[in-house]
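# any chance you can model this:
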Amino acid sequence: MSAVRVRMAPSPTGYFHVGSARTALFNWLFARQQGGQFVLRIEDTDLARNRADATAGIERAMTWLGLDWDEGPYFQSERAQLYEAAIGRLLSKGLLYACDCTSQQVAERNQAAGRPPGYDGFCRERGLEPSPGRALRFRTPHQGRTSWADVVRGEVSYDNASIEDFAVRKSNGQALFILANVVDDADMGITHVIRGEDHVPNTPKHILLWDALGLGPHPVFAHLPLLVNAARKKLSKRRDKVALEDYRDEGYLPEAMFNYLALLGWSPGGDREILSREQLVSEFRLDQVKSSPAFFDEQKLAALNAEYLRALSPSDFTARASEWLASRWSPIAPFVQERARTLSEVYSMVDFLFLPEVRTDPAEWAKVRRQHPAFVALLEAASAGYEQCEWEPASIRQATQEAGAAVGVSALAKAQAPVRLAVTGRTVGPPLFESLHLLGRSRALARLAAARERALREDAASAASPPA
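Numbering: from 1, shown residues only. Here you go, the predicted structure:
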């Protein structure tokens, strides 16, 4: 049997999700236990959604968690020649066809004809030549089934008639994620594909492409259970705190997070919950991972983290606390130094970085609301801009200015005021854009959303109240 090789393949489109962290951890544990290799591969084929700062964020998050990788990071954007060669082989076998239809058009034709969702004979039979502006679709065999033995889920089987003629290359000539994954897994000798269960529908496509390219024995697949919240709904950035960076920035210990993530879908047996890295490497079993959703319980995580804190020696605790405090505000320390009159004023200028919720002065809130009629609209525009921009001060500044212009507030100083109030609770303080950068994208967006909701509630209550 060949040596174990696993891969973690995140997309650089934002923060590092705790679900991705759990997937990376399970891959790492399996590789270390089997004496294998852990490969980091960046799936950056979606050029429109990639963020230049996200790859560095992924590496920092994994390093903080203690997940060292043996190879990489490899970037799919640098491997286009491999994908084009694979596409050429599939074209030569007649397994691809050119298509100038959108996915919606394909779905509508199938629905109108009462055909299975995967089948569409329209472009299959047109005989279009591959050219710019035309996607390339795989000729899915619409008879038979595609099956695999999943380490976590058991035997999984798909009726091929339910699988669409999926695209492997966009109309702009860019290879798509499904083809790039297959080519890279084969080229890198990946033996086990361990990923979230949301990828289960991609696996029959993976296998079909793998066989069509004649790549030999399939890798072993293991699809990990979803992480859910207290309502047993899939973790969502709109409802839940899901960025690993947020937990790091709030002062959770990496060893506590490492321990907790290892218990999401797997158990060492008995009532044990605190295990060292060495114990986890020794005892983890991929084939004992459960298929049922795993509850990401923030309270349990906090309790576990408290256990780890109490286990530190006083000197280690002091050192870690001091290091965490310094790391949170030292980048803006020079600005605070310029503004503070006494040391006692320092904390009030930077407390927004540490507190879980903003402490807003009622008088300042009322003043900003009076002075900014477009308060809600500006927060909405800022949120939209912050979701897309690179998370560094210059880009945040530009996004803020564009948000102001979008709602008729041309002066940057005026556009800043509602944002500053929403994220810091004050109208004055250190430079806003450096402060937002330190606070982090997800925490900033959450605070903007909370301020917007508060303003909307006040407006609704005011509208409902009869005039005096």
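
# next, give phi and psi for Phe221.
When read as degrees, to the nearest 10, the backbone of Phe221 gives phi -110, psi 140.

# hmm, I typed the wrong one, I wanted Ala98.
Torsion angles, degrees, to the nearest 10, at Ala98: phi -80, psi 150.

# same thing with Gly133?
Here the main-chain torsion angles of Gly133 (degrees, to the nearest 10) amount to phi 90, psi 0.

# cool, and the one 5 residues further on?
Here is the backbone geometry of Phe138 (degrees, to the nearest 10): phi -90, psi 140.

# name the helices or strands packed onto the helix or strand harbouring Ala403?
Here Ala403 is covered by helix 393-406, with elements defined by DSSP states H and E. Identification of packing neighbours for helix 393-406 by 3 or more C-beta pairs under 8 Å, 6 or more residues apart in numbering; DSSP states H and E yields helix 375-388, helix 412-424, helix 432-439. For every residue, glycine as well, the C-beta is placed using N, CA and C.

# name the residues that touch it?
Helix 393-406 has contacts (C-beta atoms under 8 Å, 6 or more residues apart in numbering) with 378, 381-382, 384-386, 388-389, 410-412, 414-416, 419, 431-434, 436-437.

# picking up where we left off before, reformat the helices and strands packed on helix 393-406 as a markdown table; add mean pLDDT.
Shown next, in a markdown table, are the helices and strands packed on helix 393-406 (pLDDT from 0 to 100):
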| stretch | mean pLDDT |
| --- | --- |
| helix 375-388 | 94 |
| helix 412-424 | 95 |
| helix 432-439 | 94 |
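
# leaving out chain neighbours, which residue sits closest to Gly14?
Closest residue to Gly14 apart from its sequence neighbours, by C-beta to C-beta, 6 or more residues apart in numbering: Ala54 at 6.0 Å.

# rewinding a little: out of the helices and strands packed on helix 393-406, which is closest to Pro225?
For those, the distance to Pro225 is smallest for helix 375-388, at 27.9 Å, taking C-beta to C-beta.

# buried set for that closest one?
Judged by neighbour count (16 or more other C-beta atoms under 10 Å), helix 375-388 contains these buried residues: Phe375, Val376, Ala377, Leu378, Leu379, Glu380, Ala381, Ala382, Ser383, Gly385, Tyr386.

# what do you get for stretch 404-416?
If you call a residue buried by 16+ other C-beta under 10 Å, then stretch 404-416 has these buried ones: Gly404, Ala406, Val407, Val409, Ala415, Gln416.

# farthest-apart pair in those residues, please.
In the buried residues of stretch 404-416, two members sit farther apart than any others by C-beta to C-beta. They are Ala406 and Gln416, at 14.6 Å.

# state the number of residues packed around the closest residue to Asp159 other than its chain neighbours.
For Asp159, ignoring the flanking residues on the chain, the nearest one in space by C-beta to C-beta, 6+ apart is Arg145 at 5.7 Å. Each residue near Arg145 was counted by other C-beta atoms under 10 Å, and the total is 13.

# hmm, Ala52 is touching Trp391, no?
No: in terms of C-beta atoms under 8 Å, Ala52 does not count as a neighbour of Trp391; the distance is 9.6 Å.

# who has more neighbours out of these two?
Higher neighbour count among Ala52 and Trp391: Trp391, with 22 against 11, using other C-beta under 10 Å.

# domain parsing for this protein?
The record, using automatic domain parsing to delimit domains, assigns the chain the ranges 5-78+227-309, 80-224, 349-462.

# so which of those domains comes closest to Leu325?
Taking C-beta to C-beta as the measure, the domains of the chain were each checked against Leu325, and domain 349-462 came out nearest at 7.8 Å.

# how long is the closest one end to end?
Here the two ends of domain 349-462 are set 32 Å apart, with distance taken as C-alpha to C-alpha, to the nearest Å.

# that older thread, okay, the buried residues of stretch 404-416 in CSV with distance to Phe38 next?
Putting the buried residues of stretch 404-416 into CSV (distance: C-beta to C-beta, whole Å) gives the following:
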residue, distance to Phe38
Gly404, 45
Ala406, 44
Val407, 47
Val409, 49
Ala415, 45
Gln416, 44
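
# what pLDDT does the residue nearest to Asp159 get?
Per-residue confidence at Arg145 stands at 97 (pLDDT).

# I figured it hits Glu155, correct?
No: Arg145 sits out of contact with Glu155 when judged by C-beta under 8 Å, with a separation of 10.9 Å.

# what's the spacing between Arg341 and Ser348?
With distances defined as C-beta to C-beta, to the nearest Å, the gap from Arg341 to Ser348 amounts to 11 Å.

# okay, these two: which has more neighbours?
Neighbour totals were compared for Arg341 and Ser348, and Ser348 leads with 13 against 6 (other C-beta under 10 Å).

# mind checking the SS state of that one?
Counting by DSSP: H, G, I helix; E, B strand; the rest coil, the backbone at Ser348 sits in helix.

# now do the strands in the chain.
Using DSSP state E, the strands of the chain run over residues 5-8, 37-42, 71-75, 96-99, 135-138, 145-150, 154-159, 167-169, 192-196, 220-224, 227-228, 294-295.

# which elements pack onto the helix or strand bottoming out on mean pLDDT in the chain?
Every helix and strand in the chain was compared by mean pLDDT, DSSP states H and E; the lowest is helix 121-126, with a mean of 78. Contacting helix 121-126 under the criterion 3+ C-beta pairs under 8 Å, 6+ apart are the following elements: strand 96-99, helix 103-113.
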